[in-house]
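how would this look folded up:
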Amino acid sequence: MPHFEIHASDVAAAQAFYAGLFGWTFDPMPGGEELDYHLATGDSLDGMTAGLMRRMGAAPPPGSPIRGGTMTFEVADCDASYAWALAHGGAEALPPMDYPGIGRCAYVEDGQGNVVGMITPSETEK
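I've put the predicted structure just below:
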C-alpha cells in the first residue's frame, strides 16, 4: 500500500493545519524521534497511510514544482531497488536506512525533479 509523507519545517504548525483541514490526528512513530516523525490517521485517508516529519534541508522556493509530499511504495528489496534506481538515472535523496518496527526505507530523485520512496517492511509489519 502506498504511504504519503508530508515534510514540514514546522511540524506542529503542519499538524494543526492538516488536523483542521482533514480532521487528521497524529501520533509519534515509535523509533521516529530523531526525525520528529508522526503517523496520521483520519477517515479521509481511506485506508492509505500517511506520515508527517521534520523537513531535512531547506524548503523548496515558492513556485517550485517540488513542494513537499512524497509517495513511498513497498518493494521486495529496498537496497536492490535503490541500486537499480541509481543505475538508471535516479539520484540519491536519502540512502537506505532501517527504521525499527517499520522496515528499511530509501528515497531517490527520479531525474524529473520528483522524489519517490521505497520501503521493505520489517517482518513484524508484513
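
low pLDDT regions in the protein?
Low-confidence regions of the chain, defined here as pLDDT under 70, cover residues 1, 60-68, 112-113, 124-126.

quick one, domains of it?
Structural domains annotated on the chain: 1-55, 68-126, as defined by automatic domain parsing.

can you put these in CSV and add mean neighbour count?
C-beta coordinates here come from the backbone N, C-alpha and C atoms, glycine included. As requested, those are exported to CSV (neighbours: other Cβ atoms under 10 Å):
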stretch, mean neighbour count
domain 1-55, 15
domain 68-126, 16
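
quick one, helices of this protein?
With DSSP state H as the definition, the chain shows helices at residue ranges 11-22, 78-87.

save the ones you listed as JSON lines, and put in distance to Glu5 too.
Converted to JSON lines, the helices of the chain look like this (distance: least, Cβ to Cβ, whole Å):
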{"stretch": "helix 11-22", "distance to Glu5": "11"}
{"stretch": "helix 78-87", "distance to Glu5": "15"}
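
what's near enough to touch the residue nearest to Arg104 when sequence neighbours are not counted?
Closest residue to Arg104 apart from its sequence neighbours, by Cβ to Cβ, 6 or more residues apart in numbering: Cys78 at 4.3 Å. Each residue near Cys78 by Cβ atoms under 8 Å, 6 or more residues apart in numbering is listed here: 96, 103-106, 118-120.

check Tyr82 too.
The contact partners of Tyr82, by Cβ under 8 Å, 6+ apart, come to 95-96, 106, 108, 118.

go again with 10 Å.
Under the criterion of Cβ atoms under 10 Å, 6 or more residues apart in numbering, the contact partners of Tyr82 comprise 75, 90, 92-96, 104-108, 118.
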